[in-house]
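S.K.: Sequence and predicted structure, then a few things I'm wondering about:
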Amino acid sequence: MAEHVEGGDLSAARLRKLDAIRELGVDPFPRKFERTHQSADLVADFERFEGHEVRVAGRIVGAIRHMGKAGFANILDGGGRIQIHFRRDSLGEAGFALYRELDVGDFIGVHGVPFRTKTGEPTIEARSLTFLAKAIRPLPEKWHGLTDVEKRHRQRYLDLIANQEVRNVFAARTRIVRSVRRFLDDRGFLEVETPMMQAVASGAAARPFTTFSNALDQELYLRIAIELFLKRCIVGGIERVYEIGRIFRNEGLSYKHNPEFTMLELYQAYADYEAIMELVEQLVSHVALDVMGTTSLEWKGEPIELAPPWPRRRLQELILEYAGVDYLEYPDDEMLRSAASRAGLEVDRSWNRAKVIDELSTVFVEPRLVQPTFVVDYPVETTPLAKRRPSQPDEVERFEAYIGGMEIANAFSELNDPVEQRRRFDEQVAQRAAGDEEAQALDEDFLVAVEHGMPPTGGLGIGIDRLVMVLTNQPSIRDVILFPQLRSRDTR
């Protein structure tokens, strides 16, 4: 008998059937099957195929209905489902004996002829049956509606089998990324690839993951941003450049945070943050129309409209409106911490002024920005890589775009003064020395690049996962990442 596999009596019964299939002289794991059609193609134009021979393949889902010398089962393939009719008279004794050994979850190939049943159900009359793979473990009992959230994320393959809408979300994600690429390519942006392992973790306020290179005999960091390498491309004369790639930040998990996520970063020479704002609202509305067919979508039961123009709101005014704190009145760390505490924010004594401002925005402002909104003009200490506003030197030309109460984009007029850039990096180094683990490290190679001359540039980062969440109305980032980060656990 076949070797035992854990999974209880059901798995043991399936192993016995596997032995029985072999005893029929059938290879239960053949090399291939020549398929001519997918189920969706057949169902979409069924009358055209009725009476003609087809070859389909897929996984058995739902119940197998035995009716004496005949029976029915549904198979699921990459396009959808279709019903199969098995008859002893059509299959012969050997083929029907193989049919009797089938279980839900098994893969089969069918050569047959499409017809409609008396109830009008598109069906294929099986003329021959090919066994393709045995499912030793049974599918969830309610295969058609797997709802255990932990199981859905941890065993995503079961989620994909059970829930058509989940497959639709990930198909939409692929189309969204493809649409973003087309939008940028059509506007003269060049897609490049930059290192994921870097000697310096910089370009964002985040804690990195560390690794070690045996060949180089040095510690490396998984990148927390793509920014500094793309700016090197700008220095080198690639005037419009972008990358869509993985980012790794050693941070907590939430409905909008996963330690490994996908980011679009782009840089456009001779542009400022105003030009990038226009690009963002055009890109998002274009992708929504291209993939979803409309710019009028729903987010958690509330309508949202993505068509431009999006309103612009100053950060200082929003925090004053929703938190009752005007950070301009509190110029030092301690004063702002106290004011924020009085407003109801749980304040950590180690927070500097930039961190307090960020937390005030996160707690009091972000949840209220459901409709697309640009939040503009940030204090200079919050953004060490952005250019100062000429009319307000204490602020930088930066915006964040919000939809559905979460940030989906961050952008600014890039700082290209190498002397000022070095000074701000030095301030970040001092903050790191004081215990701020998210302060940016100094990247000397990047500074050397900027010292060779960098044109005025607008830069942008868009969280692809969050954009997919908004466009597909998914409440958690785990619902748009095929294999989200989870605590290790035995999945058996």
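M.R.: Yes, it's here. Numbering: from 1, shown residues only.

S.K.: my read is Gly453 is in a helix, agree?
M.R.: No - assessed with DSSP: H, G, I helix; E, B strand; the rest coil, Gly453 is coil; it does not lie in a helix.

S.K.: What does the pLDDT read for it?
M.R.: Here, the pLDDT recorded for Gly453 equals 97.

S.K.: swap in the one 10 residues further on?
M.R.: pLDDT, Gly463: 97.

S.K.: if I look at Pro303, how far off is Pro367?
M.R.: Distance, Pro303 to Pro367, using CB to CB, to the nearest Å: 17 Å. To be clear about C-beta, it is placed using only N, CA and C from the backbone, and glycine gets the same treatment.

S.K.: Between those two, which is the more surrounded one?
M.R.: It is Pro367, of Pro303 and Pro367, that has more neighbours when counted by other CB atoms under 10 Å, with 13 against 10.

S.K.: So that one sits against Gly405, correct?
M.R.: Yes - here Pro367 reaches Gly405: they are 4.6 Å apart, a contact under CB atoms under 8 Å.

S.K.: Now the phi/psi pair for Ala225, please.
M.R.: The phi/psi pair for Ala225 (degrees, to the nearest 10) reads phi -160, psi 160.

S.K.: any idea how far it lies from Gly95?
M.R.: Distance from Ala225 to Gly95, by CB to CB: 59 Å.

S.K.: Looking at these two, which one has more neighbours?
M.R.: Per other CB under 10 Å, whichever of Ala225 and Gly95 has more neighbours is Ala225, with 22 against 19.

S.K.: Please tell me the pLDDT value assigned to the more buried one.
M.R.: Reported pLDDT at Ala225 in the predicted model: 95.

S.K.: Quick check: chain neighbours aside, which residue is closest to it?
M.R.: The shortest distance from Ala225 to any residue other than its chain neighbours is 3.1 Å, reached at Gly203 (CB to CB, 6 or more residues apart in numbering).

S.K.: what's the burial count for that neighbour?
M.R.: 24.

S.K.: If you count neighbours, what's buried in the host helix or strand of Glu334?
M.R.: Secondary structure assignment for Glu334, by DSSP states H and E: helix 333-342. For helix 333-342, a neighbour-count test (16 or more other CB atoms under 10 Å) marks 333, 336-337, 339-340 as buried.

S.K.: Does that helix pack against any helices or strands, and if so which?
M.R.: If you count contacts as 3 or more CB pairs under 8 Å, 6 or more residues apart in numbering; DSSP states H and E, helix 333-342 packs onto helix 353-360.

S.K.: For the longest strand along the chain, give the mean pLDDT please.
M.R.: The residue-count maximum for a strand in the chain (DSSP state E) belongs to strand 54-67. For strand 54-67, the mean pLDDT works out to 95.

S.K.: Tell me how many other residues surround Val325.
M.R.: Using other CB under 10 Å, Val325 has 23 other residues around it.

S.K.: That one touches Gln316, doesn't it?
M.R.: No - with contact defined as CB under 8 Å, Val325 does not reach Gln316; the gap is 9.7 Å.

S.K.: what does stretch 373-382 contact?
M.R.: Contacts with stretch 373-382, where a contact means CB atoms under 8 Å, 6 or more residues apart in numbering, come from 273, 277, 280, 310-316, 318, 327, 352-354, 357-358, 361, 365, 369, 386, 388-389, 392-403, 427.

S.K.: Can you tell me which of those residues are buried?
M.R.: Applying 16+ other CB under 10 Å to the contacts of stretch 373-382, the neighbour count classes 273, 277, 280, 310, 313, 315-316, 318, 327, 352-354, 357-358, 361, 365, 369, 386, 388-389, 395-403 as buried.

S.K.: Keep only those of those that are in helices.
M.R.: 273, 277, 280, 315-316, 318, 353-354, 357-358 (DSSP state H).

S.K.: what's around Gln83, how many residues?
M.R.: 17.

S.K.: whoops, I mixed them up, Ala206
M.R.: 18.

S.K.: Look up phi and psi at it.
M.R.: Dihedral angles (degrees, to the nearest 10) for Ala206: phi -160, psi 150.

S.K.: Can you report how many residues neighbour the nearest residue to Gln83 once chain neighbours are set aside?
M.R.: Spatial nearest neighbour of Gln83, chain neighbours left out: Thr123 (4.4 Å); criterion: CB to CB, 6+ apart. For Thr123, the neighbour count with other CB under 10 Å is 20.
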